[in-house]
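*Asks:* kindly return the folded structure for what I paste below:
(2 chains)
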Amino acid sequence: MYFARPIEWVRQSAFRYVVVLLTAITVTIGLSFGFAYFQTSGNELIKQIDDLVLQEAAVISEGASLGQMNAYEERVRQDPRRVKPTAIFSTDGHRLSGNVQELPPGMEIGAPPQRVSIIRTDQVPRHVQNARAVVRLLPDGNILFVGWSTADNEQAASMVQRGLLFGLIPALALGLAASLFFGLNAHKRVTEMQRRISQIVAGDLKQRLPYRNAQDPIDNLAQIVNGMLDEMQTFIEDLAAVGDDIAHDLRTPLARVRIGLERARRNATTLEALQGAADRAISELDHAISIVTAILRVREIEQTRRLQAFDEVELAELVCEVGDLYEPIAEEKQLTLTVQANEKLVVHGDRDLIFEAIANLVDNAVKFTPECGSIDVCLTASPDGAALRVSDTGPGVAESERSLLVQRFYRADTSRHTKGLGLGLTLVAAITKLHGFRFDVLPTQGFTAEIAFPPSTLIQGDDRTI
Amino acid sequence: MTKVILIEDDKDTAQDICAELKDYGYAVDWHADGAEGLEQARVAGADILIVDRMLPGMDGLTVIDTLRREQVRTPVLVISALSAVNDRVRGLRAGGDDYLTKPFAILELVARVEALLRRPADISLKVLRVGPLELDLLERNARRGERLIELLPREFRLLEYMMRHCEQLLTRGMLFEEVWKYKFVPDSNLVDVHMGRLRRKIDAAGDPPMISNVRGEGFVLRAPD
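*Replies:* Reported below is the predicted structural model:
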């Protein structure tokens, strides 16, 4: 499959990875063998041999000048590995003694050691041997040849060469195989991910990326993407539910308008009856309009850029103002509305929006609390910031419904019969989020909504600009 | 006869507005195109302009802006399907005098037109009077005939606004915007409850009523016959 499109395969990063890896292996092995080769055939070793040759030639020459040839004889005799060619030639080049057949041509007396090729007399079958050697003039006029075979070095060097050859090829082959294995494997995983992502793009929101719990980078990435997909799925499902709710909440009043008008058109016999039907229709339409307005309002707040027109807002003053606004309507319903806001707390925010949020909480409380109940609005400060709580003695909500409460249009079933949009809390959530406050519904008897102001959102007395 | 120039591109809406305003005795000149309406306002002039926010040819705000640059001070009511608070601010900043969001009750439109046409009461007045009702702005007290009326600060503000705009239909939206200065309209019947309280204080048992509710659309304060 991959090789059917070689050019594409070459473009894959996995392939490039293989090439880089193999180059690295080759260079490493090459360097280490190169060093070994240099050590065996290089100048350092030759110099050691040359020193030996010079030393031994000097010893023999010295002995000969005293008339003693035992150093020479010793060297000839003690050479079981045949690595120390030694001989004496007459000036015309005839071998007088020793184990070198012929004096190699071109050798100068007294010159430093040089590379020569010789044939030993004591070696069967005969073969040419390379050596480093010098020639010296003896007191009797004959020529002394002292050499040292370099065969050991050459053998070692060729071993290094062979080692390099036989080591590098399997290493390369192994590296290539391993790289291909991992490369193809990675490619296969990526291809699988691409396939799954295409499915997600095509609308299958339940699809997730595969992972193996291997904790490698691809796995980590897959898990992060899966987490993101989980959130998106929830979000999209919420949105769909909101859409359904909007449809429901809009269609219901519209259906009532339609039926009402249809019936009045057919059955009304007096002008009053017709007017009554028209009034009911208008009121239902107003309800539908207020839903649209509220949805737009929430969207508007959610899209408002933070800090735009933000100012210092005195919370206690605002809370008391809301209390003042709702006091008559609470009294009308025989509700006890208590406002406690003695702390001096200043936040950075949009005064109108914060007022709207608090008003919405109180509005909700007034709406949902049955007659003769009570509503407490309480602003408190603590080391962890400040909090505004609006609690009532109404029916409250079930634990399972609390987190769903702030979703648009969500209304706890127990309050379906009470007039209202259910958008109020969504609005509050949007406003608090915009300001960096926290909105929560607390698990209490009745209903308690809380706006928490973290310390970072509070302006301390000495920070104030006024 | 009071002359109104209406610049609105939706024919049905325009026809309904024209018909309603004619019922109230206004002469209405309707233009569907922004540039055309602007030209008419320049040449013929009018007592009030009603301008739709979004228009073909020339945007409603551009029409108002152009007029204001040319020192034409005719009051303008902006009507718009864009409800965003920011858009409202933009409309008023461009030189609009009031802003009404579609869809609106037709009476709301009439009420706002009348409010714009009414010359504002002399703001230097120290005592406001409507029939037997008297509001002393310095002493901060109210009396109807000989009867002294105790008012809470919020009730005082409400009554002051109503006395400055007496004989005029004041809708809930207008009261909420002008008296409470809030930019949102709660869906509770807040205004009605506040008005109810004020009414009980002004129109005590036996008095001929001065505050009346008009067809569920708003309230009017007028001197008893």
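
*Asks:* beyond the helix or strand of chain A with the lowest mean pLDDT, next helix or strand please.
*Replies:* Lowest by mean pLDDT, DSSP states H and E among the helices and strands of chain A is helix A:6-11, with a mean of 56. Next in sequence after helix A:6-11, counting helices and strands by DSSP states H and E, comes helix A:13-41.

*Asks:* so what secondary structure elements neighbour the helix or strand following that following helix?
*Replies:* Using DSSP H and E, the helix or strand that follows helix A:13-41 towards the C-terminus is helix A:43-65. Judged by 3 or more C-beta pairs under 8 Å, 6 or more residues apart in numbering or on different chains; DSSP states H and E, the packing partners of helix A:43-65 are helix A:70-77, strand A:128-137, strand A:143-149, helix A:151-201. C-beta: built from backbone N, CA, C; applies to glycine.

*Asks:* show me what the second one is in contact with.
*Replies:* The reference is to strand A:128-137. A:46, A:49-50, A:53-54, A:57, A:60-61, A:82, A:85, A:103-104, A:107-120, A:123, A:143-151, A:154 (C-beta atoms under 8 Å, 6 or more residues apart in numbering or on different chains).

*Asks:* kindly report the residues of the stretch 51-200 of chain A close to chain B.
*Replies:* Neighbours of chain B within the stretch 51-200 of chain A, by C-beta under 8 Å from any C-beta of the partner chain: none found.

*Asks:* how much space between residue A:50 and residue A:353?
*Replies:* 96 Å (C-beta to C-beta, to the nearest Å).

*Asks:* the more surrounded of these two?
*Replies:* Each of residue A:50 and residue A:353 has its neighbours counted (other C-beta atoms under 10 Å in any protein chain shown); residue A:353 has more, 23 against 18.

*Asks:* same for the strand or helix carrying that one, what does it pack against?
*Replies:* Here residue A:353 sits within helix A:351-368, counting by DSSP H and E. Here helix A:351-368 touches strand A:311-314, helix A:315-332, strand A:374-382, strand A:385-392, helix A:424-435, strand A:447-453, going by 3+ C-beta pairs under 8 Å, 6+ apart.

*Asks:* for the residue located most distally from the centre of chain A, what are its contacts?
*Replies:* Most distant from the centre of chain A: residue A:140, at 86.6 Å, with distances by C-alpha atoms, centre = their mean. Counting by C-beta under 8 Å, 6+ apart, residue A:140 makes contact with residue A:64.

*Asks:* if we go to 10 Å?
*Replies:* For residue A:140, the contacting residues are A:64, A:65, A:67, A:88, A:90, A:96, by C-beta atoms under 10 Å, 6 or more residues apart in numbering or on different chains.

*Asks:* select from these the one having the most neighbours.
*Replies:* Neighbour counts for the contacts of residue A:140, by other C-beta under 10 Å, peak at residue A:88, which reaches 25 neighbours.

*Asks:* for that one, give me phi and psi.
*Replies:* The phi/psi pair for residue A:88 (degrees, to the nearest 10) reads phi -130, psi 130.

*Asks:* that one and chain B, how far apart?
*Replies:* Look at residue A:88 and chain B: by C-beta to the nearest C-beta, to the nearest Å, they are 116 Å apart.

*Asks:* surely that residue and residue A:75 touch.
*Replies:* No. Counting by C-beta atoms under 10 Å, residue A:88 sits too far from residue A:75 to count as a contact (11.2 Å).

*Asks:* list residues touching both of the two?
*Replies:* In contact with both residue A:88 and residue A:75: A:60, A:98, A:146, using C-beta under 10 Å, 6+ apart.

*Asks:* can you map out the strands along chain B?
*Replies:* B:3-7, B:27-31, B:48-52, B:76-80, B:98-101, B:127-130, B:133-136, B:141-144, B:147-149, B:170-171, B:211-214, B:218-221 (DSSP state E).

*Asks:* worst mean pLDDT among those?
*Replies:* Mean pLDDT is lowest for strand B:98-101 out of those, coming in at a mean of 86.

*Asks:* tell me if that one is near chain A.
*Replies:* Yes. Strand B:98-101 reaches chain A (C-beta under 10 Å from any C-beta of the partner chain) through residue B:101.

*Asks:* pull out the buried residues from the contacts of strand A:128-137.
*Replies:* A:49-50, A:53-54, A:57, A:60-61, A:85, A:103-104, A:113-114, A:116, A:118, A:120, A:143-150 (16 or more other C-beta atoms under 10 Å in any protein chain shown).

*Asks:* flag the shaky bits of the chain, pLDDT-wise.
*Replies:* This is for chain A. A:1-15, A:40-42, A:238, A:241-242, A:245, A:304-309, A:403-423, A:461-466 (pLDDT under 70).

*Asks:* switch to chain B, please.
*Replies:* Scanning chain B for pLDDT under 70 picks out B:83-86, B:120-121, B:183-188.

*Asks:* tell me the domain boundaries of chain A?
*Replies:* Following automatic domain parsing, one gets these domains for chain A: A:6-41+A:156-197, A:43-149, A:217-302, A:306-463.

*Asks:* deepest-packed of those domains, please.
*Replies:* For those, the largest average neighbour count (mean count of other C-beta atoms under 10 Å in any protein chain shown) is found in domain A:306-463, namely a mean of 18.

*Asks:* in three-state terms, label residue A:126 for me.
*Replies:* With DSSP: H, G, I helix; E, B strand; the rest coil as the basis, residue A:126 sits in coil.

*Asks:* isn't it right next to residue A:120, touching?
*Replies:* Yes. The criterion here is C-beta under 10 Å, and residue A:126 meets it with residue A:120 at 7.4 Å.

*Asks:* compare the strands of chain B and give me the one nearest residue A:400.
*Replies:* Nearest to residue A:400, of all the strands of chain B, is strand B:98-101, at 37.7 Å by C-beta to C-beta.

*Asks:* CA atoms only: put that closest one into CSV for me.
*Replies:* Extracted C-alpha coordinates of strand B:98-101, given in CSV (Å, rounded to 0.1, in the frame of the first residue of the first chain):
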residue,chain,number,x,y,z
ASP,B,98,-35.1,57.7,21.1
TYR,B,99,-34.8,54.1,20.1
LEU,B,100,-37.5,51.5,19.7
THR,B,101,-36.9,47.8,19.0
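
*Asks:* what comes into contact with it?
*Replies:* For strand B:98-101, using C-beta under 10 Å, 6+ apart, the contacting residues are A:289, A:293, A:296, B:50, B:53, B:75-84, B:87-92, B:108-109, B:111-113, B:115-116, B:171, B:173-174, B:177, B:185.

*Asks:* what lines up beside that strand in the sheet?
*Replies:* strand B:76-80 (parallel) (DSSP bridges).

*Asks:* quick one: the strand it pairs with to chain centroid distance?
*Replies:* Computed by C-alpha atoms, centre = their mean, to the nearest Å, the chain-centroid distance of strand B:76-80 equals 12 Å.

*Asks:* can you give me the angle that strand makes with strand B:48-52?
*Replies:* 20 degrees (axes from the mean of the first three to the mean of the last three C-alpha atoms, to 10 degrees).
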